[in-house]
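1. Sequence and predicted structure below; questions after.
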Amino acid sequence: DLQAYTEALAREFHDRGDLDAAAACYAWLGVLPTKTAQRVPVQGAPALISRAEERPALACYGPPEPSTFIRLGLMAEELARRGYRTHLAARFEPDDLDRFDLFIFGRPHLNPQVYAGLEAVARSGKPLVIDLDDDFHNIPREHPGYRAVGPGNPRLLRLLETMLGLATLLTVSTPQLARRYGRWSRQVRVVPNGWSAHNPLWLAPSVPHTGVHLGWAGTITHRKDVLEMRAGLKRVLREFPQARLVIGGDPRVMALFSSIPEAQRAFVPWVDYAHYPAMLANFDVLLAPLRDNAFNRAKSDIKLVDAGARGIPWVASPLPAYSEWGEGGLLAGDSKDWYRLLKALIMDEDLRRRLGEEGRRRAQAREISTLADLWQDLLLGLTLAGDTARSIQEAPAAEDRAARLLEAILESEDVLAALEDHRAELDEALLDLILRDFEAARAGGESELAEGLLELANCVREMIREPAMV
């Protein structure tokens, strides 16, 4: 199959030290336009961008909220450690277009400070990435954000759809979001959420305490979700006075458990993301309830990733991202499950320890140094695709050139020898023809044809670069 062949070819190029050719193969596998919302990631793909001149200067923008740092800040910091010039800001400045090569906008419809900048990047032809981590089109009516950023504000959703149409690539945190927003996007790639071991608080000791702390952390947007576990949690707290409920972030959630003795309840104020691991250090078990609705089914597994990074077990609702994560905790489908599973974890210290260790091992795959390899391949692929598209403007009269070459070859006494002598020129002429037709297909709105031609153009470029492999 073509994907398997291309993976094998990429690894051969890499083993021979030809990073340019390997990068093109990986980019073709994961980034170039495709009818499918998500390509299968290449497992174990090496970090391909190794020379300074191959590292595009990267600008990231997002509203001042934790999701911006989780999605873009961690990545920008890790790439900066690898020698990239990166920039993270809420506002797009007028000279940013000249200072940077590639632009990523997180949740741009929520940030008026980047509206004009996003449009300017789109006009410039430089790679433009939009990143989303929530299904804004399915925010439920009772959610606090329904009227401001959800279906209660259709103008804002139409703005998001327009922005997606301008983007070179959409990155999302879950496959469900890829399916939701792929209809408005040229191409989509899932890049999951992660954490950074460079923050020492992830590995800091737990806060000393007695008993077993059952911890929940969240914002006002999750108040309804807490009802999923309330009955089972209250029952287990009454049965086990040595257990204690610790609520982080939203004091209103504490009121849902007002019937529980004060000695069994504690509140931890919300903190910025850098100090979030210190909040989790108060927990022995992380509670992650979610109602089963379209909005929550597109949520990521970040809470379970965080629990794994801290080495604490979890109990969570069986929604897609949590079920797929699977390791390090237990899934509770109803109030009886919440009671039964929490009871087991309170009573069994060895079970808590074993699940915490499983989660920690699982979370290593989401540490930012691993995710940054995926981001590197994405960025390089976008650069390659951008170079291909821009080279269309430089294509000569390809059809006439190819016709003249073929005529000269056919008039030769030794046609095969002439064909071999002019092989490189023919390949170049073929590439020019493909690029010309790609531009015509794109201008005519024939997106499926344009996608295929762009992929073909990159394959021909590899043939030209490495003729011995043909």
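-> Sure, I can see it. Just so you know, these numbers come straight off a predicted model, no measurement behind them. Residues are numbered from 1 along each chain as shown.

2. C-alpha from now on. contacts and neighbour counts both.
-> OK.

3. mind checking which helix or strand of the chain has the lowest mean pLDDT?
-> Least confident helix or strand, the chain: helix 19-30 with a mean of 52, by mean pLDDT, DSSP states H and E.

4. didn't Leu164 look like it was pressed against Trp184?
-> Yes: contact criterion Cα atoms under 8 Å: Leu164 and Trp184 qualify, at 5.9 Å.

5. So those two - more neighbours on which side?
-> Between Leu164 and Trp184, counted using other Cα atoms under 10 Å, the more crowded position is Leu164 (25 against 17).

6. That one and Gln187, how far apart?
-> 10 Å (Cα to Cα, to the nearest Å).

7. Find the residues that touch each one of these two.
-> Residues touching both Leu164 and Gln187 (Cα atoms under 8 Å, 6 or more residues apart in numbering) are Leu170.

8. any idea how far the residue minimising distance to the centre of the chain lies from Ile70?
-> Nearest to the geometric centre of the chain sits Val191, at 2.3 Å (Cα atoms, centre = their mean). Remark: distance between Val191 and Ile70 (Cα to Cα) = 12 Å.

9. With Ser258 instead?
-> When Ser258 is compared with Ile70 (using Cα to Cα), they lie 33 Å apart.

10. before we move on, the earlier item: which residues does the residue nearest to the centre of the chain contact?
-> Applying Cα under 8 Å, 6+ apart, we find Val191 in contact with 171-174, 371, 374-375.

11. go with 6 Å
-> By Cα atoms under 6 Å, 6 or more residues apart in numbering, the contact list for Val191 reads 172-173.

12. mind checking pLDDT for it?
-> With respect to pLDDT, Val191 scores 96.

13. when you give positions from now on, start the count at 89
-> Sounds good: first residue 89 from here, last item Val279.

14. Which helix or which strand is home to Asp394?
-> Applying DSSP states H and E as the criterion places Asp394 in helix 390-398.

15. Tell me the helices and strands packed up against that helix.
-> Using 3 or more Cα pairs under 6 Å, 6 or more residues apart in numbering; DSSP states H and E, the elements in contact with helix 390-398 are helix 437-451.

16. May I see the buried residues of the helix it packs on?
-> By neighbour count on 16 or more other Cα atoms under 10 Å, the buried set for helix 437-451 is 440-451.

17. tilt between that helix and helix 390-398?
-> 110 degrees (axes from the mean of the first three to the mean of the last three Cα atoms, to 10 degrees).

18. Quick check: what element follows the helix or strand harbouring Arg340 along the chain?
-> Here Arg340, judged by DSSP H and E, is contained in helix 339-343. Downstream of helix 339-343, the first helix or strand assigned by DSSP H and E is strand 353-357.

19. Quick check: Phe191 vs Leu176, distance?
-> Computed as Cα to Cα, the Phe191 to Leu176 distance reads 10 Å.

20. okay, the two: which has more neighbours?
-> Between Phe191 and Leu176, Phe191 has the larger neighbour count (other Cα under 10 Å), namely 26 against 19.

21. Dihedrals phi and psi, that one?
-> Dihedral angles of Phe191 (phi, psi; degrees, to the nearest 10) stand at phi -130, psi 130.

22. Report pLDDT for it.
-> 97.

23. Would you agree it is in contact with Asp219?
-> No: Phe191 is beyond contact range of Asp219, at 10.6 Å (criterion: Cα atoms under 6 Å).

24. Enumerate the positions of the helix or strand hosting Phe193 that are buried.
-> Assigned by DSSP H and E, Phe193 belongs to strand 190-194. Neighbour-count burial for strand 190-194, counted by 16+ other Cα under 10 Å, picks out 190-194.

25. Then stretch 256-273?
-> Using 16+ other Cα under 10 Å as the test for burial, stretch 256-273 gives 256-266, 269-270, 272-273.

26. and the residue nearest to Asn199 when sequence neighbours are not counted, how many neighbours?
-> Leaving out its chain neighbours, the residue that sits closest to Asn199 by Cα to Cα, 6 or more residues apart in numbering is Pro151, at 5.6 Å. Applying other Cα under 10 Å, we find 21 residues neighbouring Pro151.
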